[in-house]
Each structure stands twice: as C-alpha cells, then as structure tokens.
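# My questions are about this predicted structure, shown below with the sequence.
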Amino acid sequence: MSRSPSLGWLKCMLAAFFLLISAAAAVACQLCYEAARQSVTIGQRLDSADRVVLAVPLAGANQLRIVEVVKGKDAVGDIIADPVTDLDPAAAPGSDPYLLLRDPFASQWTSLGTIRAEYANWLRQLVATVFVKGDRPRPTWPSNMQTSSTLSYAGWRQRIALVLPYLENSDPLAARIAWGELARAPYAIMDVARSQIDAAAVARWLDDPKLVSRHATYTLLLGFVGGPADAARLELRIEAARSSHDTPNLAAMIGADLELRGPSRVDWVEAMYFADRSRTMPEIEAALLALNVHGDANRTVPRQRVIQAYRAFIRGRPPMAGFVAQQLADWDYWDAAMDYAALLKSNAIADPASEFAVVNYLQRAASANAALE
C-alpha cells in the first residue's frame, strides 16, 4: 500500500477520522446516555443565560410576575409581558413558579418548568460557581457532554457539593438539575460524594426502572460511595452483561468496578475484554472508555497502569490499535511509536480511521521529540 500523501487519500482519511470521532462520542453515551442525548443540560443553559428568574402567572392576564431573581438585573415584582416559550398552558395562579431564562440575544423568555420558590437561593448559589477562577480541569468526555472548561476544579467541587443533596429530590425539576450537573462533571470531581451520599440510596436508584436514563451516572457515583457488598453486586451485573453481550451502561459499570476495586482489576479487564475474542466491538470500546476515564483522572488507577493495558491492547489487537492512539498522544506518551510504525509498515491496520489516528500519533510524536532536541 502506498503511503504517498495524495489529496484524495488525505480526504478519505480525514472523513474516516471524523467517523471515528463520532463513534467515540457514541461510546461515551454509554457512560452518560441521557446527558449526551440532551446535549445541553439545564445547568449549562442557566450558565449561558444572562437573566434567570422565578415567575408566577397573573390571574386573567397573559403575563407573569417575578417572585425571585436568580441571575440578572430584574427585580421582584416586575411583570413579564414578553412571549414565553414552553410555558404550560394548564398552570394556574397559585401553582409553583416557573423557572424562566433569557439568553443575551433571545427575543423571548424560555420556561424550563416549575420549581418551588424555596429553591431560589440554591439556584443562585449554583449559577455563582461558574465565576470561580483557578486551574481548569481537562475535559473527560466528548465536548457535547460537558463544559468543564467554564469551571475551575474548585468551581466544579463547589457545584457538585451543592447538587448532591438534591439528587432525586421531591421537586422533579430540582432533581433533574442536580442529576444533570453530576452527569456532566469531570470524573475526578465525583470524589466529593464520598461520605456525603448514602450508598444504599444510590443502590435504590439503580433498582428503580423509572430512573433508567440516569443509571449510568448513578453507577459511576456508586463507585465512589459504595463498599465491598456494592462491588459484589456490581460484579454480578457485569457478568450478566457479558453473558448477553449487553453494552448499555457497561462502560459506567466497568468504570465503577475499577473505582471500587483498584488497579488490580485492570488485569481482569484485559483478560475478559481485550483477550476474549468473543467480545463485540461495543464491549471492547466500553472497556477502553472506562480505562480512559481512569487514566485521565490518574488517581485510583494510575495512568501508567492504563498505558500498560493500552500497550498490551495494541499488541493483542493490531487492527484496533488506533483506538488508543489519540489518548496516548494526549497523555504525551510516545513510547508506542515503534509499535505503531511497525503496524503501519505491515498493513495490519485496515480501517482508514484507525490508520489516520496512528499516523496522527506518529506525527505528534515526531514533533514532540524534535522539540526536545
């Protein structure tokens, strides 16, 4: 196969590479399916809005009166006469106030639903965390799933500490906001939940079929707050998924299992997913994603142990070797260059997207080495 960088070949490789990126986002949805499906959480919308208020409908008029100001320069008692989208026409005076927001360039308000007025101060505290300054965490998930670049580590820790008590709150909108913020938070921040959330409560949420869209997030949460009994139950669920080749929630389950059991469990992941030739592509991708999250966090499972697993993956599954190339490059790990160069020379990587990822890795490795000379 010729390696000449013709324009046609390059276009083909670029197209394939973008397909690979899309596939990675689809895999990430297994960790946090609902957050990815919604793309933008309520918390993100509150952050981007310049005006956020609680308002109640006025009797006999197509207007609302502001009863609490969460963000912006509006005042309590002001009347909203502008159009409001997504307003429930069945709501009557005396019901809980609407949570309304207005973006800087919007021509009208948008209703996010109703919420009890007593939550106004909590909402004010929540939106205030976006202004905390400091080091910003490196994004863990694909960009459509979170916006950790707008918050520092300190800001995220404050925000997660604020939402933890409201998970599955009796007010549906408050519960949804709390879950959404936890779902989009960088993984390393979730340790705030240790000793603050009852593992038994998380286990109940995971058994509730009404909360199935939130199970991935709560599975990850269990990894931080659970104990040996939770690890044993989680292992049974993983084994059931392996038996049926199910992948919904699999990446989150493996990630939580690693959090509960530590680096020694990586051996099991390598044996059960990377070395097992009966595993499907989505199962392998879920295992890789779980390791990727832990490698980024570099805490419970050291990054070096994840890199070791990735090197074994490259050797054991050459056609898929490109799946971990970008992550290794993002970690500035260049010792896989010889392995990748050999795979390219032998034409072991047939998929154009994977090949492009490997070529990109080698280019970045060359640039990094040149910078050191």
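Looks like it came in fine. Numbering: from 1, shown residues only.
# Find the residue ranges of the stretch 101-250 of the chain scoring beneath the pLDDT cut-off.
Scanning the stretch 101-250 of the chain for pLDDT under 70 picks out 130-150.
# now with 80?
130-151 (pLDDT under 80).
# quick one, strands of it?
Ranges of strands in the stretch 101-250 of the chain, per DSSP state E, counting those that start in this stretch, are 109-114.
# and what of the stretch 251-373 of the chain?
Going by DSSP E, counting those that start in this stretch, the stretch 251-373 of the chain shows no strands.
# what about the helices in it?
266-269, 281-297, 303-316, 325-330, 337-345, 352-372 (DSSP state H, counting those that start in this stretch).
# and the second one, what does it pack onto?
It stands for helix 281-297. Secondary-structure packing of helix 281-297 (3 or more CB pairs under 8 Å, 6 or more residues apart in numbering; DSSP states H and E): helix 7-28, helix 250-261, helix 266-269, helix 303-316. C-beta here means a position set from N, CA and C on the backbone, and glycine is covered the same way.
# Can you list the buried residues in the shortest one?
The reference is to helix 266-269. 266, 269 (16 or more other CB atoms under 10 Å).
# now stretch 340-359
340, 343-344, 349, 351-359.
# now swap in stretch 101-119 and tell me
Going by neighbour count (16+ other CB under 10 Å), the buried part of stretch 101-119 is 101, 102, 109, 110, 111, 112, 113, 114, 115, 119.
# what's near enough to touch the first one?
Contacts were defined as CB atoms under 8 Å, 6 or more residues apart in numbering; by that measure residue 101 touches 45, 46, 49, 51, 52, 53, 109, 110, 112.
# Any chance of TSV for the residues you listed, columns distance to residue 279?
Conversion of the contacts of residue 101 to TSV gives the following (distance: CB to CB, whole Å):
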residue	distance to residue 279
45	39
46	41
49	44
51	50
52	46
53	51
109	50
110	44
112	41
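# which one of the residues you listed is nearest residue 81?
Of all the contacts of residue 101, residue 109 has the smallest distance to residue 81: 10.3 Å, by CB to CB.
# For residue 102, give its distance to residue 56.
17 Å (CB to CB, to the nearest Å).
# And residue 101, by the same measure?
Counting by CB to CB - residue 101 and residue 56 are separated by 16 Å.
# And for residue 224?
Taken as CB to CB, the span from residue 224 to residue 56 is 39 Å.
# How about residue 367?
59 Å.
# So for those two, which residue has more residues nearby?
The neighbour comparison of residue 367 against residue 56 (other CB atoms under 10 Å) goes to residue 56, with 20 against 10.
# Now name the helix or strand holding that one.
Residue 56 belongs to strand 51-57 when assigned by DSSP states H and E.
# residues making contact with that strand?
With CB under 8 Å, 6+ apart as the test, strand 51-57 has contacts from 46, 63-74, 80, 91-95, 97-102, 115, 117, 120, 123, 127.
# Same question for stretch 229-249.
Around stretch 229-249, the neighbours that count as contacts under CB under 8 Å, 6+ apart are 30, 33, 199, 203, 215-216, 219, 222, 226, 250, 253-254, 256-257, 260-261, 272, 279-280, 282-283, 286.
# Got a quick PyMOL command for the buried subset of those?
Selecting the buried subset of the contacts of stretch 229-249 in PyMOL, with 16+ other CB under 10 Å as the burial test, is done by:
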select buried, resi 30+33+199+203+215+216+219+222+226+250+253+254+256+257+260+261+272+279+282+283+286
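# Can you name the residues bridging to residue 98?
Under the criterion DSSP bridges, residue 98 forms beta bridges with residue 55, residue 114.
# got a list of contacts for stretch 264-282?
So stretch 264-282 is in contact with 27, 30, 242, 245, 247, 250, 254, 257-258, 283-284, 286-287, 290-291, 301, 305-306, 308-309, 312-313, 316-317, going by CB under 8 Å, 6+ apart.
# Are any of these buried, and if so which?
Neighbour counting with 16+ other CB under 10 Å marks 27, 30, 242, 247, 250, 254, 257-258, 283-284, 286-287, 290-291, 301, 305-306, 309, 313, 317 as buried within these.
# can you map out the helices along the stretch 1-150 of the chain?
7-28, 33-38, 42-48, 120-128.
# Going by mean pLDDT, which of the ones you listed comes out lowest?
Lowest mean pLDDT of the helices of the stretch 1-150 of the chain: helix 7-28, a mean of 38.
# if I read this right, residue 71 contacts residue 47, doesn't it?
No - in this structure, residue 71 is not within contact of residue 47 by CB atoms under 8 Å, at 9.2 Å.
# what is in contact with those two at once?
residue 127.
# Give the closest residue to residue 227 in space, chain neighbours not counted.
Using CB to CB, 6 or more residues apart in numbering and skipping the chain neighbours, the partner closest in space to residue 227 is residue 199 (6.4 Å).
# mind listing what the nearest residue to residue 113 once chain neighbours are set aside touches?
Distance criterion CB to CB, 6+ apart; nearest residue to residue 113, sequence neighbours excluded, is residue 173 at 4.6 Å. Residue 173 makes contacts with 42, 99, 112, 113, 114, 115, as judged by CB under 8 Å, 6+ apart.
# Contacts only, for residue 117.
Residues in contact with residue 117 (CB under 8 Å, 6+ apart) are 54, 67, 68, 96, 97.
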